[in-house]
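Enquirer: Just need the structure, nothing else, for what follows:
(one chain, ligands or ions: 1)
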Amino acid sequence: PDFYAVIGNPIHHSKSPLIHKLFAQETRQDMQYEAILAPLDGFESTVRAFQQRGGMGMNVTLPFKLEAYALSTRLTDRANAAQAVNTLKFIGNNDILGDNTDGAGLMQDIEINQRVSIAGKNILLMGAGGAARGTIMPLLTLKPRLLAIANRTKEKAQVLQRQFSAHGNVLSGHYHDFSGESFDIIINATSASLHDELPSLPEGIFSKESLAYDMMYSQELTPFLRFAQQQGVIKLVDGIGMLVEQAAESFFLWRGIRPETKKVIEMLKNKGH
Ligand code: ATR
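Expert: Below you'll find the model as predicted:
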């Protein structure tokens, strides 16, 4: 078989091995996919050791996406825009192609799975860290009317606005700066849910028809999705679909075959994550 892996720290909770095993079965690819825990100060040596063992590619998760970006000898355009890499493809002994499939996975989940189109919409992006950055070019490529980037630390949102405003109508500010404005799609790209927290969102940003999308997932509704529900939002979506879709994009980069994602998403949902 051909060897692939996901690398991170921590990694034991990763669903990627299961997802890629299901993809491999479905597309009849002879491959193995494992989870590798790298020491916090040992990302590069762990990657090289895996490559030495015959590894052909890796998924990269927290906290190594920036190191993966730095390690790549070639980058796809979308990895370049995200300044972060979640997929490595080893090319010969000397080259590592770095890609970022997170944004494409999110777009696929919103537009295809949720059937919500981004063109012409008002979008609020919560957060200005790595996860948020990776979604900006993919979002702007689909021509929203407006992309507002809100962050607790306003300056970080302003930096992103400056960087991307040549590609669309981008605003930035604190959460309360968008008080009274209603958005069609609100995406939580902060890590607040990890600590069971929620950025302080102003009243009025949701309408009944809004899509509230949390890039995180957990068995229960996340704090963000619970808040949106209290505000009357019906379309509440967590990051499981995005997780499976970004995996499918990585799989395609490695194997040249696009797996069917629908059944895999259903299966993960039914397992209660
Ligand atoms: P990631 O790569 O997951 O995006 P990150 O780069 O550390 O991680 O960014 C985390 C994001 O979550 C930031 O936008 C952060 O806001 P700040 O830039 O102000 O730090 C946001 N965040 C994390 N915890 C938060 C909380 N409790 N309330 C509001 N925002 C929070």
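Enquirer: who are the neighbours of the strand or helix carrying P17, in terms of helices and strands?
Expert: Per DSSP states H and E, P17 falls inside helix 16-27. Applying 3 or more CB pairs under 8 Å, 6 or more residues apart in numbering; DSSP states H and E, one finds that helix 16-27 contacts strand 2-8, strand 31-37, helix 240-255, helix 262-270. Glycine gets a C-beta too; all of them are placed from N, C-alpha and C.
Enquirer: least reliable of the ones you listed going by mean pLDDT?
Expert: Lowest mean pLDDT within these: helix 262-270, at a mean of 94.
Enquirer: so how far is that helix from its chain's centroid?
Expert: Centroid separation for helix 262-270 versus its chain: 18 Å, with CA atoms, centre = their mean, to the nearest Å.
Enquirer: what angle sits between that helix and helix 16-27?
Expert: Angle, helix 262-270 to helix 16-27, by axes from the mean of the first three to the mean of the last three CA atoms, to 10 degrees: 150 degrees.
Enquirer: Go through helix 262-270 and flag the buried ones.
Expert: Going by neighbour count (16 or more other CB atoms under 10 Å), the buried part of helix 262-270 is V264, I265, L268.
Enquirer: Just to check, the first one is in contact with A24?
Expert: When you say that, I think you mean V264. No. If you go by CB atoms under 8 Å, V264 and A24 don't touch, sitting 11.3 Å apart.
Enquirer: returning to what we had before: now tabulate the helices and strands packed on helix 16-27 in CSV and tack on distance to the ligand.
Expert: Conversion of those to CSV gives the following (distance: least, CB to the nearest ligand atom, whole Å):
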stretch, distance to the ligand
strand 2-8, 12
strand 31-37, 19
helix 240-255, 13
helix 262-270, 21
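Enquirer: okay, these, which one's buried deepest?
Expert: Most buried of the helices and strands packed on helix 16-27 by mean neighbour count (mean count of other CB atoms under 10 Å) is helix 240-255; its value is a mean of 24.
Enquirer: Who are the packing partners of it?
Expert: Going by 3+ CB pairs under 8 Å, 6+ apart, helix 240-255 lies up against helix 16-27, strand 55-60, strand 87-91, strand 95-99, helix 102-108, helix 262-270.
Enquirer: now that helix, how far from the chain's geometric center?
Expert: 10 Å.
Enquirer: Return the distance of stretch 27-35 from the chain's centre.
Expert: For stretch 27-35, the distance to the chain centre is 22 Å (CA atoms, centre = their mean).
Enquirer: what does stretch 225-238 give?
Expert: Using CA atoms, centre = their mean, the offset of stretch 225-238 from its chain centre is 20 Å.
Enquirer: can you list the residues that contact it?
Expert: Contacts to stretch 225-238, defined as CB atoms under 8 Å, 6 or more residues apart in numbering, come from residues 109-110, 114, 116, 186, 198, 201, 206-214, 216-218, 221-222.
Enquirer: From the residues you listed, keep the buried residues only.
Expert: Judged by 16+ other CB under 10 Å, buried ones among the contacts of stretch 225-238: 109-110, 116, 186, 198, 201, 206, 210-214, 216-218, 222.
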